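Colleague: next come a sequence and a model predicted from it.
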Amino acid sequence: LAQWLGNAFAPIAHALLPIILKQIPVTIQVISEASHHCLKTLFRMTHSSRLLPPLIAGTKSKTATIRSRCAECLTLVLQRWAFADVEKHAEALEQALVSGLQDATADMRAAARKGVAALGEACPERGQRLLRSLDAATQKKV
């Protein structure tokens with residue numbers, strides 16, 4: 001539906017997003033992978049700033065899988081959406097990426113590094129400012 005309806009799917013996507021996020025850490029791999037694929041398709045096809053707060057909140061989840069999948073989707077958003085669609089939540093997105101760079105799990109740190117690079121491509125001045133705010137070791141990794 002997201003592929004067919006595009007941005008018109010946004011109200012439905014907003015309602016489905018918490019449900020999809022809950023299915024990601026399920027131990028049944030088919031459900032988990034399908035949820036991850038659904039999440040990526042949702043953010044690839046539906047560009048609505050209303051979808052970003054739950055995604056940003058997901059980067060603070062107690063579950064490592066949810067955190068890393070949300071960071072991957074943030075990277076996808078930065079790569080595919082117009083920055084004007086993201087700008088309203090840019091500060092929260094930057095904070096989520098910085099906290100992701102310091103996360104305990106390697107998948108989350110890798111996704112956050114890709115997100116910082118995507119931010120630098122989407123909005124060079126914000127990306128440079130974010131890089132300057134990081135310590136030297138983290139800057140090298142990015």
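Modeller: Thanks, I have it.
Colleague: got phi/psi on S49?
Modeller: Taking degrees, to the nearest 10, you get phi -70, psi -20 for the backbone angles of S49.
Colleague: with adjacent residues omitted, what lies nearest to it?
Modeller: In this structure, S49 finds its nearest non-sequential neighbour in K88, 5.1 Å apart by Cβ to Cβ, 6 or more residues apart in numbering. No exception for glycine: its C-beta is placed from N, CA and C like everyone else's.
Colleague: so the one you found makes contact with R50?
Modeller: No: in this structure K88 lies outside contact range of R50 using Cβ atoms under 8 Å: 9.6 Å.
Colleague: how about S133, nearest residue that isn't a chain neighbour?
Modeller: In space, S133 is closest to V98, 7.5 Å off (Cβ to Cβ, 6+ apart).
Colleague: flag the shaky bits of the chain, pLDDT-wise.
Modeller: Scanning the chain for pLDDT under 70 picks out 1-2, 6.
Colleague: any idea which element D85 lies in?
Modeller: According to DSSP states H and E, D85 maps onto helix 83-86.
Colleague: residue contacts, G58?
Modeller: Counting by Cβ atoms under 8 Å, 6 or more residues apart in numbering, G58 makes contact with 21, 66-67, 69-70.
Colleague: let's go with 10 Å and repeat that
Modeller: G58 is in contact with 17-18, 21, 24, 39, 66-71, 73-74, 96, counting by Cβ atoms under 10 Å, 6 or more residues apart in numbering.
Colleague: if we ignore the residues flanking it in sequence, what's nearest it?
Modeller: Distances taken as Cβ to Cβ, 6+ apart put C70 closest to G58, at 3.4 Å, once the chain neighbours are dropped.
Colleague: work out for me the element the one you found sits within.
Modeller: Per DSSP H and E: helix 64-80 holds C70.
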